[in-house]
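Novice: Sequence plus the predicted model coming up.
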Amino acid sequence: MIVWQGKGWLVAVIIFGCSLSANLITNWWTGSEDYWMQTKLPLAASLLVSGAICWFFGLRFEKEPTRVLVDEATGEKFILEPKHTLFWVPMKWCGALAMVGSILLTAYELMPGAD
């Protein structure tokens, strides 16, 4: 089950779209699916790009104005702040996690003796 608030669902769409694009471009560039299966560098590049996109949109969506609603019966005020999360993680931090994942994948791939 995927849990999101606001436009947080875009994180999954962006990461999936960038990964699929990287896979198709890699397969086209190399002429086969072997390179995608043998190395993690194209996936790491797609995570870096998708993380930057998620970070940018997360910052932009955070700047949406808050709304104040007033209950007519009691006069009580409710403040609605924009929240855009995926699994309770704000969108910009999902982007940061994707970029950290990209760095870790690259480090693992470039480590001597890694399969």
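Specialist: Perfect, I can see it now. Source: prediction; values computed, not measured.

Novice: So what does Pro112 have for phi and psi?
Specialist: When read as degrees, to the nearest 10, the backbone of Pro112 gives phi -60, psi 140.

Novice: Then Glu64?
Specialist: Given degrees, to the nearest 10, the pair of backbone angles that Glu64 has is phi -60, psi 140.

Novice: Identify the residue nearest it in space, chain neighbours excluded?
Specialist: Distances taken as CB to CB, 6 or more residues apart in numbering place Pro82 nearest to Glu64, at 4.1 Å, with adjacent residues excluded. Any C-beta I mention is one placed from the backbone N, CA and C, and that applies to glycine too.

Novice: Next, count neighbours for that neighbour.
Specialist: 14 (other CB atoms under 10 Å).

Novice: Can you give me the end-to-end span of stretch 26-38?
Specialist: 12 Å (CA to CA, to the nearest Å).

Novice: cool, stretch 25-42 as well?
Specialist: This stretch, stretch 25-42, spans 9 Å end to end (CA to CA).

Novice: sorry, back to before: dump the residue contacts of the residue nearest to Glu64.
Specialist: 6, 61-62, 64-66 (CB atoms under 8 Å, 6 or more residues apart in numbering).

Novice: Of these, which qualify as buried by neighbour count?
Specialist: Among the contacts of Pro82, those classed as buried by neighbour count (16 or more other CB atoms under 10 Å) are Phe61.
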